[in-house]
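Asker: Below are the sequence and a predicted model for it; my questions follow.
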Amino acid sequence: MKKEVHIFFTALMFYTRIPCPKNIDHNPDYLNKASRYFPLIGWIVGSVAFGVYCVFNYLIAPEIAIIFSIIASVLVTGAFHEDGFADVCDGFGGGWTKEKILMIMKDSAIGAYGAIGLVLLLVLKFQGLTQLIDVSDNPKFIIYNSQFVILLLLVSAHSISRLAAISIIFTHEYSREDASSKSKPIAQSYSWREVVGAFFFGLLPLVILSYNQLQILLVLIPVFLTRFFLARYFQKWIDGYTGDCLGATQQVCEVVFYLSVIALWKFI
């Protein structure tokens, strides 16, 4: 149990800016095993986003509360995944060979593709979350309080999108041949514990949400189709994935989750 707690805090330190005990470091072996808790980190990020939304919704207005909620999720992770998304936009937008794409993604400066991509991503998040709030009042969720539905939707979005991202590690190879990336330690190996842990923490919030409405599970289809096509695209161009690719997958799948829930509720 003590070892598992250490592994969890390793994941917390690597994927967020939340302070951790001083004895926690970036031990490569623990980083490998920390992948099982990546979707659980989504529970924390989603809960923080929900808490901030509730506070500002009470004090000001829903639209402004959503903006502060997005800001909170960015601050908690240190824009870790947004940075990966921007790098992928720049790399795949401006590079035409594996070497060029990897070189551009390694550059810390943000380019036009990355800036435009981030703006569009944040606009989609804002609009998606705005519509998602309306879904939470749907009478089909009468078994739950509307605020609890919002919490479950946010936690599900963050956990499932992280599951989609981390699952690429289970099916594809790491692209960079050197040890220059801080994300490489999580890509070295995995066991059934990482797979089971990731899927358990990734799917549990949505399973709870589906208790009164099984159709909500259908949102997994577009999310994992998106994951499939992104992984195939990465494989085609760079023969695998990088940490930036995982971050981009998380961000895109999070938005796809929001849009899928909104679309689904028009037909059920």
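Answerer: Right, received. Where do you want to start? Residues are numbered from 1 along each chain as shown.
Asker: Only C-alpha atoms from now on, for both contacts and neighbour counts.
Answerer: Fine.
Asker: Point to the helix or strand of this structure where mean pLDDT is at its lowest.
Answerer: None of the helices or strands of the chain scores lower by mean pLDDT, DSSP states H and E than helix 28-33, at a mean of 81.
Asker: List the buried residues of that one.
Answerer: Going by neighbour count (16 or more other C-alpha atoms under 10 Å), the buried part of helix 28-33 is Pro28, Tyr30, Leu31, Asn32, Lys33.
Asker: The third one contacts Ala11, doesn't it?
Answerer: Yes: using C-alpha atoms under 8 Å, Leu31 and Ala11 qualify as a contacting pair, with a distance of 6.8 Å.
Asker: circling back to that earlier point, tell me which strands and helices the least confident helix or strand of the chain is in contact with?
Answerer: helix 2-15 (3 or more C-alpha pairs under 8 Å, 6 or more residues apart in numbering; DSSP states H and E).
Asker: tilt between the helix or strand hosting Val48 and helix 2-15?
Answerer: According to DSSP states H and E, Val48 maps onto helix 38-59. Helix 38-59 and helix 2-15 meet at an angle of 60 degrees, taking axes from the mean of the first three to the mean of the last three C-alpha atoms, to 10 degrees as the criterion.
Asker: Now the element after helix 38-59, going C-ward?
Answerer: helix 62-77.
Asker: buried sites along that following helix?
Answerer: Residues of helix 62-77 classed as buried: 62-63, 65-70, 72-74, 76-77 (neighbour count, 16+ other C-alpha under 10 Å).
Asker: Who are the packing partners of it?
Answerer: Judged by 3+ C-alpha pairs under 8 Å, 6+ apart, helix 62-77 is in contact with helix 38-59, helix 112-135.
Asker: Can I get that helix as CSV, trimmed to CA atoms?
Answerer: Output of helix 62-77 as CSV, limited to C-alpha atoms (Å, rounded to 0.1, in the frame of the first residue of the first chain):
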residue,chain,number,x,y,z
PRO,A,62,-22.7,30.7,-15.4
GLU,A,63,-20.7,31.8,-18.5
ILE,A,64,-18.0,33.6,-16.5
ALA,A,65,-18.0,30.6,-14.1
ILE,A,66,-17.2,28.3,-17.0
ILE,A,67,-14.3,30.5,-18.1
PHE,A,68,-12.8,30.4,-14.6
SER,A,69,-13.4,26.6,-14.5
ILE,A,70,-11.3,26.2,-17.7
ILE,A,71,-8.6,28.5,-16.2
ALA,A,72,-8.5,26.4,-13.0
SER,A,73,-8.1,23.1,-15.0
VAL,A,74,-5.2,24.7,-16.9
LEU,A,75,-3.5,26.0,-13.8
VAL,A,76,-3.8,22.7,-12.0
THR,A,77,-2.0,20.9,-14.8
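Asker: now the helix or strand following that helix: mean pLDDT?
Answerer: Per DSSP H and E, helix 62-77 leads on to helix 80-94 as the next helix or strand towards the C-terminus. Summarised as a single mean, pLDDT over helix 80-94 is 95.
Asker: One more: stretch 6-22?
Answerer: The predicted model gives stretch 6-22 an average pLDDT of 90.
Asker: Not counting its own residues, what contacts that stretch?
Answerer: With contacts defined as C-alpha atoms under 8 Å, 6 or more residues apart in numbering, stretch 6-22 is touched by 24-27, 30-31, 33-35, 37-38, 41, 75-78, 80.
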